[in-house]
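Asks: would you be able to build a 3D model of this:
(chains A and B)
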Amino acid sequence: MTTVLELREVGRVHGHGTLAVTALRAVSLTVATGELVAVMGPSGSGKSTLLNLAGGLDRATSGEVIVAGTALSVLGPPALAALRRSSVGYVFQELNLVGGLTAAENVALPLELDGVSARKARLAALDALQLVALGASADRFPDELSGGEQQRVAIARALVGPRHLILADEPTGALDSVTGQDIITLLRRRCDDGAAVLLVTHEPRYAAWADRVVFLRDGSVVESASMNPVGEP
Amino acid sequence: MSVRYGLLGLLSRGPAHGYALRAEFEAATGATWPLNIGQVYSTLARLERDGLISTKDETDDAEAGLERRRYHLTVSGLEELRRWFATPVPRDAPPRSELVVKVILALMLPEVDARRVLDVQRAASMRSLQVLTQLRGSASSDMATSLAADAAIFGAEAEIRWLEHCEAKLVQSKRGAS
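Replies: Down below sits the predicted model:
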């Protein structure tokens, strides 16, 4: 197992002085290949802040975020954007896909933005769509797909090319429970095949698929539940 | 109670021996409810005493010395079984009483860190939910096993939700007090 994401004592404070609001304080966690780590906690506990920092969408005010061996704090905006495209995939609750593009074009997009030729990007996109059992729907547009299928396309896009870190923010939020279950088992399977997933969810049932569940409150980790006995990685 | 009606239900399919009944009961509950044979025989004895089943001794020379007692459902037994299916299982028994008492006391006693009690319990309940989820995922999907696992999963999930609810109430009451 290789560590794909590491947070070392990461903190995020918004504002200054008496107006300062602490969103996250000294959070440490790692996600390795093959691991699914879930984050739970009440609204306002810092779950989304944690995910945004992990993906380089926001900057930590203390501590260090390390993605695929690179400390994000040393990167300027262009390098950070390039690292995001090459190493991190996002899946959100909704509005995941570009409506005017087919499923395959949506999945190929991050590769094309990185300068991969259209033909190579399409081949990689078709491979990724196969992995989420949507090979036959490659040329459909998002509005021709069900909510669960759209979410599977988003997962394919998150994993296309060399990327294997997925940051998922309530990916089942807009789905019924059976479809939500499908999405979680799909994420689990991708992990078992070597991806690394950090999943924010408020559903205990979905969090239970994780190797580790981290509970946040007021920006701090208060407890965690692990499938491995204490002391093992 | 459940063992009693479980055995009656199994016997409604036809006469059976004690050992077979035990195996069928365990299979029907997805191996989540192991029975010892003594429990099976004592329950059968009570059912017989109440006239809900009857027995017939069989002689079998080839297996002399082995238990050959077969149990049959009686007409009253069948009526009792039908009544059971027609009546809902009561939910008035206090659920997970030790946990409920512990959390309520933790909230009442100022020297106890109630949040810590909730955190520790939630992590433990989540760990059971993880184990159950993994078991169900790896189990061969026969209906009885997967339904029994689902019941345990929904139970653990409900417990976690209740703990989250307790925490929200705690936060609310602290806000109200300050």
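Asks: tell me the domain ranges of chain B?
Replies: With domains defined by automatic domain parsing, chain B comprises B:2-86, B:97-177.
Asks: next one: the longest one to chain centre, how far?
Replies: In this case it means domain B:2-86. 18 Å (C-alpha atoms, centre = their mean, to the nearest Å).
Asks: average model confidence for that domain?
Replies: Per-residue pLDDT values across domain B:2-86 average out to 85.
Asks: about what we covered before: the domains of chain B: which one's closest to chain A?
Replies: Relative to chain A, the nearest member of the domains of chain B by C-beta to the nearest C-beta is domain B:97-177, separated by 3.9 Å. Glycine gets a C-beta too; all of them are placed from N, C-alpha and C.
Asks: and the spatially closest residue to residue A:90 that is not a sequence neighbour, helix, strand or coil?
Replies: Nearest non-adjacent residue to residue A:90, counting by C-beta to C-beta, 6 or more residues apart in numbering or on different chains: residue A:167, 5.4 Å away. In three-state terms, and counting by DSSP: H, G, I helix; E, B strand; the rest coil, residue A:167 is strand.
Asks: wait, residue A:167 sits on residue A:198?
Replies: Yes: if you go by C-beta atoms under 8 Å, residue A:167 and residue A:198 touch, sitting 5.2 Å apart.
Asks: before we move on, back to that, can I get the domains of chain B in TSV with mean neighbour count and distance to residue A:161?
Replies: Shown next, in TSV, are the domains of chain B (neighbours: other C-beta atoms under 10 Å in any protein chain shown; distance: least, C-beta to C-beta, whole Å):
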stretch	mean neighbour count	distance to residue A:161
domain B:2-86	15	43
domain B:97-177	15	29
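Asks: save those domains as CSV, and put in distance to residue A:202 too.
Replies: Shown next, in CSV, are those (distance: least, C-beta to C-beta, whole Å):
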stretch, distance to residue A:202
domain B:2-86, 28
domain B:97-177, 8
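Asks: what distance do you get for residue B:109 to residue B:117?
Replies: 10 Å (C-beta to C-beta, to the nearest Å).
Asks: and residue A:108, by the same measure?
Replies: 51 Å.
Asks: same check, this time on residue A:153
Replies: Using C-beta to C-beta, residue A:153 is found at 43 Å from residue B:117.
Asks: then residue A:209?
Replies: The gap separating residue A:209 from residue B:117 is 26 Å, by C-beta to C-beta.
Asks: next: residue A:39.
Replies: The spacing between residue A:39 and residue B:117, counted by C-beta to C-beta, is 22 Å.
Asks: next one: residue A:136
Replies: Residue A:136 is 52 Å from residue B:117, by C-beta to C-beta.
Asks: then residue A:169?
Replies: For residue A:169, the distance to residue B:117 - C-beta to C-beta - is 30 Å.
Asks: give me the neighbour count for the residue nearest to residue A:90.
Replies: Using other C-beta atoms under 10 Å in any protein chain shown, residue A:167 has 26 other residues around it.
Asks: report the separation between it and residue A:152.
Replies: As defined by C-beta to C-beta, residue A:167 lies at a distance of 17 Å from residue A:152.
Asks: and the helices in chain B?
Replies: B:2-11, B:18-28, B:37-49, B:75-86, B:97-108, B:114-138, B:143-177 (DSSP state H).
Asks: let me have those helices in a markdown table, adding distance to residue A:17 as columns.
Replies: Formatted as a markdown table, the helices of chain B follow (distance: least, C-beta to C-beta, whole Å):
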| stretch | distance to residue A:17 |
| --- | --- |
| helix B:2-11 | 64 |
| helix B:18-28 | 66 |
| helix B:37-49 | 69 |
| helix B:75-86 | 69 |
| helix B:97-108 | 36 |
| helix B:114-138 | 29 |
| helix B:143-177 | 25 |
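Asks: dump these to a markdown table, plus distance to chain A.
Replies: Formatted as a markdown table, the helices of chain B follow (distance: least, C-beta to the nearest C-beta, whole Å):
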| stretch | distance to chain A |
| --- | --- |
| helix B:2-11 | 26 |
| helix B:18-28 | 25 |
| helix B:37-49 | 32 |
| helix B:75-86 | 28 |
| helix B:97-108 | 15 |
| helix B:114-138 | 4 |
| helix B:143-177 | 4 |
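Asks: which ones are touching the residue nearest to residue A:90?
Replies: The contact partners of residue A:167, by C-beta atoms under 8 Å, 6 or more residues apart in numbering or on different chains, come to A:51, A:54-55, A:88-91, A:197-198.
Asks: could I get the buried residue list for stretch A:83-98?
Replies: Of all the residues in stretch A:83-98, those buried under the rule 16 or more other C-beta atoms under 10 Å in any protein chain shown are A:83-85, A:87-92, A:96-97.
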